[in-house]
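Fold the following.
(2 chains)
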Amino acid sequence: MSQQSQILTRRIDKDILEVFIGPQHPGSGHMRIILRVDGDIIVEAEPDIGFVHRTMEKLAEGREWVKNQPLFERMAILDAANCTLGYIMAIEKLLGIEPPPRAKYIRTILAELNRIASHLYGMGIFAILLGHSTMYMWFFGDREVFVELAERLTGQRLTHSFFWPGGVRRDLPSGFKDELEKGIKYFEKRLKEYEVMFLKNPVIRSRLEGVGYISRQKAAELGIVGPNIRASGIRHDVRIEEPYAAYPELDFEVPIYKEGDALARTLQRVDELRESLKILKQAVNRIPEGPILHEKYLKMFTKVLKDVLETEKRVKLAPALFNLRPPKGEAYARVEAGRGEYFYYVVSDGQNKPYRVRVVSPSFRNSIVFKYVLPGHRVADLPAIYGSIDYFPPEADR
Amino acid sequence: MAIVERLIDLILWPPLFYYIIFPGLIFVMIFEMFLIWSERKIAGRVQMRYGPLEIAPRLAGAPQLMADLIRYALQEVIIPRTVDKLPFVIAPIAAFVIALMPLLVTPFSPTFLPVTTEGSILIAAALTTIPPLLLILAGWASNNKFSLVGSARESFLIATYEIIILLVIASMSFLYGTLDFLKAVEAQQALLWGIILNPIAAITYFVAVMMGTSRFPFEIAEAESEIVMGAFTEYSGIMFGLAMGISYARMFVYNIIFVLLFLGGWSPLGGIVTGNYILDSIILPGASVAIKAVIISLLMVFTRAVYGRYRIDHALKGGWGFWFIMALVSIGLSAAVVYLMEVF
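A predicted model of the protein is given here:
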């Protein structure tokens, strides 16, 4: 028997070609989309996820509570603050504590910096999928502004591990406000240039308009989240529905679009960038004075730890935080990350490690789009749809 | 001494000089290196980055492509077991060679041309249509789904842009009343440059060539994010290097034709007389043609920094729905110009 005939085969319809986009395809992430195409038209699409599944939920059961933060950051490393904030908030609910106001504002600032960086990352990938190398470089180059601001605040470019239960690790560094305002000013200027180069570019518009349409009802049925559902006309945003951190005190809007196509999703992200800038401006101006960690833990600090907190304005890893033993119970928390809603459900059995941590990530909920939206489009529309829903495989697979 | 003279004789021996040095392989290679380097440098400038730099920073990374070529040349050529070997190997090599063959009949000065013929425009136009067929062959022989899709896209595009290019060339030879590049250039020197006589033809030709040589926004047959590398997905090593060079070689040849038909050929440098035969008949007019071709080529590669990639149906719609009609209009315009010249 020849070698080729031993390969398992599956019968498909006549005149249908099966194309595997991924996992080693330059246009896919760490995932595979199995396309069945009739000529140039997709008749069936199957998103095949799980190539970067790291059993995070199980791994989390073997680590101390705060040590899970660096683990969960690896879901969406470019959106690290938003995707771990939910976990920390869930622990806080278990402990029954609230962070002090200043810590809440610092959390908001970092979350918005991450949201901008995350949107720019997604749009950069989107641009290169459409073959627009200039916008790819511009988005990634301008993302650097916000990554560096986050680095200035936390000491890390991406994996900040910045939140403690009951507060944050560092206070705002001196001169941060000026740098942030400089960055915002620069970025507002750049947003206008994006419009000329990308959003109003005739070639890009012809690729996006009317492509990957998701109606309002379909969006609700599929249960997609984040900018994707907002671009279909549903005002779903955890920052409004279940406000957390400093969001209830800040004045911002949640933009929506009714068109629901790839262009609407792109414009939606750009509008959200503008809103994020607005939030950042307000947060950095209104930030109140005060401690950055809950007083319950500050009382337990030794003299050395207190000295470090006062002189260097940072919280050293104290045993009190490290050996957290939340009381028996369960809690959940929701957070609006760059790609949509993160949902954390944690169960504690009173030990220093979680009994169970359940994470539902936005990309996982958005991945269903491929199955129901791709059929009927051309193969060349795949990058436009893939990029416009800003799908991030490591986030979906956990 | 005799050996040195023999060597110089050998180098200047017309067949060798034409085919290997100028306007043959070496000249095209240098041109390609310069073009790819400047494409990457210009794109880098627009995109807030350096472009090639690490290899010889003092030369701004200019030998980058040389390094790439050395790497390609030393890399293993993998021929998958499932391919149809003979066409798979032949296709890129033949496509590269045939892509350069129109240079046989394109004159670089009134006296410097390898093959003298009355029908040089016809031969050049005919030869430019062959390499795309070999690209289709490469994709077909590769036995890979992405290669097949790339080939199918290429074949759709060929039908569009080849007709437009041929119609435009026909309209220009109609305007000059000849099928000979020499006479076409002479006619332009006597009257006006073709781009002024028939601007519609020039623009149509420019766009069709961009479509034909996979320049953005028509980089459809090799769309990386959709079909990996189009027809050349399975190629590696020096074969891949050749495949990458084909579209640049074709663009260069098309732009030489553009210069001869629309930009007055070797004027203005070709008119200077210094008394030195080589300077007068090769270097000055040749440089004039080559520089114009380089400028046109740079314009074409610059679009990479501005546009994304069209979907194939948009490109075909634009090709048949607009540029094809423009090509027909350019024939009408040529007829009008000819009529006006008769009248006045």
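
hang on, isn't A:Val308 packed against A:Lys316?
Yes. In this structure, A:Val308 is within contact of A:Lys316 by C-beta atoms under 8 Å, at 5.1 Å. Backbone N, C-alpha and C define where each C-beta goes, glycine included.

Up against chain B, what does the stretch 251-398 of chain A have?
A:378-383 (C-beta under 8 Å from any C-beta of the partner chain).

Looking at those, state which has the most neighbours.
The most crowded member of those, judged by other C-beta atoms under 10 Å in any protein chain shown, is A:Pro383 (27 neighbours).

That one contacts A:Leu129, doesn't it?
Yes. The pair A:Pro383 / A:Leu129 is scored as a contact, 3.6 Å apart, by C-beta under 8 Å.

between the two, what contacts are shared?
Listed as contacting both A:Pro383 and A:Leu129 by C-beta atoms under 8 Å, 6 or more residues apart in numbering or on different chains are A:27, B:225.

The helix or strand containing A:Phe140: which residues count as buried?
Using DSSP states H and E, A:Phe140 sits in helix A:133-154. The neighbour-count check on helix A:133-154 (16 or more other C-beta atoms under 10 Å in any protein chain shown) flags A:133-140, A:142-143, A:145-147, A:149-150, A:152-154 as buried.

on that earlier part again, pick the one among the residues of the stretch 251-398 of chain A next to chain B closest to A:Pro70.
Checking these against A:Pro70 by C-beta to C-beta gives A:Pro383 as the nearest, at 32.7 Å.

got a list of what the closest one touches?
Taking C-beta under 8 Å, 6+ apart, one finds A:27, A:129-130, B:225-226 in contact with A:Pro383.

Identify those among these that sit within helices.
Per DSSP state H, helices hold the following members of the contacts of A:Pro383: A:129, B:225-226.

now those residues in CSV, with distance to B:Val338, pLDDT and neighbour count?
As requested, these are arranged in CSV below (distance: C-beta to C-beta, whole Å; pLDDT from 0 to 100; neighbours: other C-beta atoms under 10 Å in any protein chain shown):
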residue, distance to B:Val338, pLDDT, neighbour count
A:Leu129, 48, 88, 26
B:Ser225, 47, 76, 22
B:Glu226, 45, 77, 29
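
coming back round to it: tell me which strands and helices the helix holding A:Phe140 is in contact with?
helix A:101-129, helix A:176-194, helix B:25-46 (3 or more C-beta pairs under 8 Å, 6 or more residues apart in numbering or on different chains; DSSP states H and E).

and the second one with helix A:101-129, angle?
Comparing the axes of helix A:176-194 and helix A:101-129 via axes from the mean of the first three to the mean of the last three C-alpha atoms, to 10 degrees yields an angle of 30 degrees.

What residues sit buried inside helix A:176-194?
Within helix A:176-194, the residues that qualify as buried are A:176, A:179-180, A:183-184, A:187, A:190, A:194, counting by 16+ other C-beta under 10 Å.

how about those residues, which pair is most distant?
Largest pairwise distance in these, by C-beta to C-beta, is 25.6 Å, between A:Phe176 and A:Tyr194.

A:Glu64: neighbour count?
A:Glu64 sits with 15 neighbouring residues when counted by other C-beta under 10 Å.

Let me know the pLDDT of it.
Predicted confidence (pLDDT) for A:Glu64: 87.

which residues does the residue most central in space within chain B contact?
In chain B, the residue lying closest to the centroid (C-alpha atoms, centre = their mean) is B:Met251, at 2.2 Å. Residues in contact with B:Met251 (C-beta under 8 Å, 6+ apart) are B:209, B:213, B:215, B:297, B:300.
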